[in-house]
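In: Please find the sequence and the predicted model below.
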Amino acid sequence: MSLPENITVLIVSAGPAGLTAALSLAYHKCHDLVIVDATIEGQNTSRAYSIDFATVEALGSIDAADSLLSQAIKAKSIRIASRSLKPNLIL
C-alpha cells in the first residue's frame, strides 16, 4: 500500500480508538486523513470487547452513539479471569 504524498492526519490502527478518531475528524470536516492498520484484510474482526462510557460520550458528541449502540450486542454479565482476582468472578 502506498500513502499519498501529503496527509493532514495519519491514524495508526483501525481499532475502536482509531475509528472513533476518524469519525470525529470527519464530523469536524477533516477529510484529509488516512487510516493504516497491520491487520490482514479478511482477518479484521471486531476488537472491541466493550465500549468505555467516555467513548460513548465522545461518539454522542458527534451524533454517532445511538446508531452504534442500536447495533451492539448487550451482555447481561461478563466473566473476568485474573491472577489477582478470584477465578470466574462474574460482574
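Out: On my side now, so go ahead. Residues are numbered from 1 along each chain as shown.

In: What are the boundaries of the strands in this protein?
Out: 9-12, 33-36, 79-80, 89-90 (DSSP state E).

In: thought T20 was touching A58?
Out: Yes - with contact defined as C-beta atoms under 8 Å, T20 reaches A58; the gap is 6.3 Å. In short, each C-beta sits where N, CA and C put it, glycine included.

In: The two: who's more crowded?
Out: Taking neighbours as other C-beta atoms under 10 Å, T20 and A58 compare with T20 leading, 20 against 16.

In: show me the contacts for the more buried one.
Out: Neighbouring residues of T20 by C-beta atoms under 8 Å, 6 or more residues apart in numbering: 55, 58-59.

In: Is A14 in contact with T39, as I believe?
Out: Yes - the criterion here is C-beta under 8 Å, and A14 meets it with T39 at 6.9 Å.

In: thinking again about what came up before, what's the closest of the strands of the chain to I51?
Out: I51 lies closest, by C-beta to C-beta, to one member of those: strand 79-80, at 16.6 Å.

In: ok, back up a step: figure out which of the strands of the chain is closest to Y49.
Out: Closest to Y49 of the strands of the chain, according to C-beta to C-beta: strand 79-80, at 10.8 Å.

In: Out of the helices and strands in the chain, which is least certain?
Out: Of all helical and strand segments in the chain, the minimum by mean pLDDT, DSSP states H and E falls on strand 89-90, at a mean of 51.

In: measure the residue nearest the centre of the chain to N6 for me?
Out: In the chain, the centroid-proximal residue (C-alpha atoms, centre = their mean) is P16; its distance is 1.0 Å. Per C-beta to C-beta, to the nearest Å, P16 is found 27 Å from N6.
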